[in-house]
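Colleague: fold the following for me, if possible:
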Amino acid sequence: MCFPSLQNEKGDFKASLGDDTKGLLQLYEASFLLTGSESSLELTREFTTNLLQEKLNNIDNDNLSLLVHRALELPRHCMLLRANIRWFLDAYGRRPNMNPTLFELAKLDFNIFQANVQQELKHISRWWKETGFVEKLPFSRDRVVESYLWTTGIEPLEQGHERILATKIIMLGIVLDDIFDVYATLEELQLFCDVIQRWDLESIEKLRVYRQIFFVALNNNVNEIAYHILKQQGVVSKKNVWIDLCEAFMKEAIWYNNGVQPSLEEYLNNAWISVAIPTFLYQVYFLVTNPREKEAIKYLDEYHNIIRWSTMITRLADDVATAGDELERGDVSQSIQCYMNEIGASDQEARKAMRLLIWEAWKNLNTDRISSSCPFREIFIQNVVNLARVGQSMYQYGDGFGCQHSETKNKDRIMSMLFDPIA
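Modeller: Numbers count the residues shown, from 1 in each chain. Alright, predicted model coming up:
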């Protein structure tokens, strides 16, 4: 049993723990590091959550009250790190005992980061316009800022050029998703998928012009990234992850066009690929990991479990936030609808079940990331966890990606992280 000093003779948590709000908050945060076999930490999480919720409106210390509210919304272990830095700086500035010199240095560091971000966003915006997607593929989503936000979870991307490359990967994945979801017949999609599977530039004449433009842009940018990786690390990254993504989109298009309602298991087995995070993480591995081990690359090609769990967290968080909007856009039924149809559950019950699956995925990710059999270096493992944090945070207040700035809290977070300097 964990924390025996905090328990009474019966094995229950001592009632006196409720008198130490700060200690209770720390215990709450620690409980989210649990692995699948630590049932006592699960009990700790439930106990501290209930007690903190009871105390929420009766905390005299304003700073501590802010920390508790923040943690109950989303624990630190599941939170986008860069957003937490900005929030903490704002909170620290209001402390009566804050260190002015330390605070000024921290503000300067954050504002320098923001200035660099804005220069990189200008570069990405120019690239986006040069692709011709805005004119030739007007149905595709323009998500320059939101796409860049995903890269803030990747550390270290030491060079701005690498963050720009990473953002391009995400934006190309969005356009590919939109082509399959909203702007092509099934026959056209099958032909398009065949071209991508063979990666054959000579066969693109069979495609409509806008799909030709996209495929050439995809080919050019994939080659640009491969060339960068080859120069830096002496290895050629593969195109197979884009083929896997295309095939996952194709399966969903077939389901939708044929009126097929997949089971929850069938849906999730495909959806953790179609959310495109594995495609992104594959490129990230080569951008942040040097040297590379052959065994690790083998497990990367096979989508090791830590990649699957990280991706599943994002997929389910996305579904909980966007289920209705995605159906209106012409997407396949998501996990919410699959669960409702399969179990006969209500919408509220289905959302609760998906949140439990997100929590199970976090426990599995915690377990596999520290396993001795995990073949990856810590720098990549940390980024796999960070991507889950970005996904969890992106959909915390609703659809923070698909519907641009749809929620005030999402818009405020983007502005405070990337555009509004700390005065």
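
Colleague: give me the number of neighbouring residues for residue 266.
Modeller: Using other C-beta atoms under 10 Å, residue 266 has 14 other residues around it. C-beta coordinates here come from the backbone N, C-alpha and C atoms, glycine included.

Colleague: what pLDDT does the residue nearest to it when sequence neighbours are not counted get?
Modeller: Nearest residue to residue 266, sequence neighbours excluded (C-beta to C-beta, 6 or more residues apart in numbering): residue 338, at 8.0 Å. Here, the pLDDT recorded for residue 338 equals 94.

Colleague: and residue 338, how many neighbours does it have?
Modeller: Residue 338: 23 neighbours (other C-beta under 10 Å).

Colleague: wait, it sits on residue 270?
Modeller: No: Residue 338 is beyond contact range of residue 270, at 11.1 Å (criterion: C-beta atoms under 8 Å).

Colleague: what helix or strand is residue 181 on?
Modeller: In this assignment (DSSP states H and E), residue 181 forms part of helix 160-182.

Colleague: my error: substitute residue 248 in the last question.
Modeller: Per DSSP H and E: helix 240-257 holds residue 248.

Colleague: what's the angle from whichever helix or strand comes after that helix to helix 160-182?
Modeller: Remark: after helix 240-257, the chain's next helix or strand is helix 264-274, criterion DSSP H and E. Comparing the axes of helix 264-274 and helix 160-182 via axes from the mean of the first three to the mean of the last three C-alpha atoms, to 10 degrees yields an angle of 140 degrees.

Colleague: what does helix 264-274 contact?
Modeller: Outside helix 264-274, the residues that touch it by C-beta atoms under 8 Å, 6 or more residues apart in numbering are 177, 244-245, 248-249, 251-252, 262, 278, 303, 308, 311-312, 315, 319, 332-335, 338-339, 342.

Colleague: from residue 367, how far out is residue 250?
Modeller: Here the criterion is C-beta to C-beta, to the nearest Å. By it, residue 250 lies 33 Å from residue 367.

Colleague: give me the more crowded residue out of the two.
Modeller: A direct count of neighbours by other C-beta under 10 Å for residue 250 and residue 367 places residue 250 higher, at 21 against 18.

Colleague: what's the helix or strand for the nearest residue to that one once chain neighbours are set aside?
Modeller: Leaving aside its chain neighbours, residue 250 sits nearest to residue 193 (4.6 Å; criterion: C-beta to C-beta, 6+ apart). For residue 193, the enclosing helix or strand under DSSP H and E is helix 186-198.

Colleague: what about that helix, distance to the chain center?
Modeller: Distance of helix 186-198 from the chain centroid (C-alpha atoms, centre = their mean, to the nearest Å) equals 28 Å.

Colleague: quick check: buried residues in it?
Modeller: Buried residues in helix 186-198, counted by 16 or more other C-beta atoms under 10 Å: 189, 191-193, 195-196.

Colleague: likewise stretch 195-214?
Modeller: With burial defined by 16+ other C-beta under 10 Å, the residues of stretch 195-214 counted as buried are 195-196, 204, 207, 210-214.

Colleague: same question, stretch 251-265
Modeller: By 16+ other C-beta under 10 Å, the buried positions in stretch 251-265 come out as 251-253, 255-256, 262, 264.

Colleague: what's the overlap in contacts for residue 338 and residue 270?
Modeller: By the contact definition C-beta under 8 Å, 6+ apart, residue 338 and residue 270 are jointly contacted by residue 262.

Colleague: and residue 378, how many neighbours?
Modeller: Here the count is done by other C-beta under 10 Å, and residue 378 has 9 residues near it.

Colleague: for residue 288, see how far away it is.
Modeller: The gap separating residue 378 from residue 288 is 11 Å, by C-beta to C-beta.

Colleague: for residue 375, give me phi and psi.
Modeller: Taking degrees, to the nearest 10, you get phi -80, psi 0 for the backbone angles of residue 375.

Colleague: do you know how far it is from residue 366?
Modeller: Distance of residue 375 to residue 366, computed by C-beta to C-beta: 17 Å.

Colleague: what do you get for residue 358?
Modeller: 13 Å.

Colleague: cool, residue 171 as well?
Modeller: 31 Å.

Colleague: of those two, who's got more company?
Modeller: Each of residue 171 and residue 366 has its neighbours counted (other C-beta under 10 Å); residue 171 has more, 24 against 20.
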